[in-house]
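>>> Fold the following and give me the result.
(one chain, ligands or ions: 1)
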Amino acid sequence: MKKILILNGPNLNMLGQREPEIYGTLTLKDIQNLCENTAKENDVAVDFRQSNHEGELVEWIQSALHDFDGLIINAAAYTHTSIAIHDALKILKYPIIEVHLSDPDTRESFRHHSFIAPLATEIIKGKGAQGYAQAIENLVKLINL
Ligand code: DQA
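Numbers count the residues shown, from 1 in each chain. This is a model prediction of the structure:
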């Protein structure tokens, strides 16, 4: 069975309590359940993780080189700052989908630049938790091409 790694960056562990008017009321655990159900329907395995630490995200990406067939990443604030995550993603040889719950382009100008975008096959933003389910469906299609 093909395997997808889903990485979540800083403060996404606070979903549900964090700016619900922007991010909605679902918790990260709810999003994980949605991803696991969507994966089951699409005959793919998912490994869902979150970290508040840039280095840990970098290490997870490095060690995912051989063990996975695709990556979904919501790097949260590191999207807009992390050359280290950009460099790590460059090593991967499979499709990457960038996801955001909100649409950063319609928010503060410091959210308008993404260091992930140049390496992403696709970007899904502003669709809330449903964006993760969509990312799994689209990634499965890309992997099975
Ligand atoms: C986010 C958007 C980022 O700008 C922000 O820093 C986040 C969440 C989103 O999912 O909408 O933490 O990635």
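>>> rest of the way, CA atoms for contacts and neighbours
OK.
>>> which stretches of this protein form helices?
20-23, 28-41, 54-63, 83-91, 130-143 (DSSP state H).
>>> now the ones you listed as JSON lines including mean pLDDT, distance to H112 and mean neighbour count?
As requested, those are exported to JSON lines (pLDDT from 0 to 100; distance: least, CA to CA, whole Å; neighbours: other CA atoms under 10 Å):
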{"stretch": "helix 20-23", "mean pLDDT": "95", "distance to H112": "16", "mean neighbour count": "12"}
{"stretch": "helix 28-41", "mean pLDDT": "98", "distance to H112": "24", "mean neighbour count": "17"}
{"stretch": "helix 54-63", "mean pLDDT": "98", "distance to H112": "20", "mean neighbour count": "16"}
{"stretch": "helix 83-91", "mean pLDDT": "98", "distance to H112": "15", "mean neighbour count": "16"}
{"stretch": "helix 130-143", "mean pLDDT": "98", "distance to H112": "19", "mean neighbour count": "19"}
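>>> Output those in CSV; the columns should cover distance to I4.
Formatted as CSV, the helices of the chain follow (distance: least, CA to CA, whole Å):
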stretch, distance to I4
helix 20-23, 24
helix 28-41, 9
helix 54-63, 12
helix 83-91, 14
helix 130-143, 8
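>>> Minimum distance to the ligand: which of those helices has it?
Nearest to the ligand among these is helix 20-23; the distance by CA to the nearest ligand atom comes to 6.7 Å.
>>> Quick one: check that closest one for contact with the ligand.
No: Helix 20-23 stays clear of the ligand (CA under 6 Å from any ligand atom), getting no nearer than 6.7 Å.
>>> same question, stretch 131-145
No: if you take CA under 6 Å from any ligand atom as the test, stretch 131-145 misses the ligand, and the best it gets is 9.6 Å.
>>> Use 36 as the first number from now on
Got it, the first residue is 36 from now on, which makes the last one we talked about stretch 166-180.
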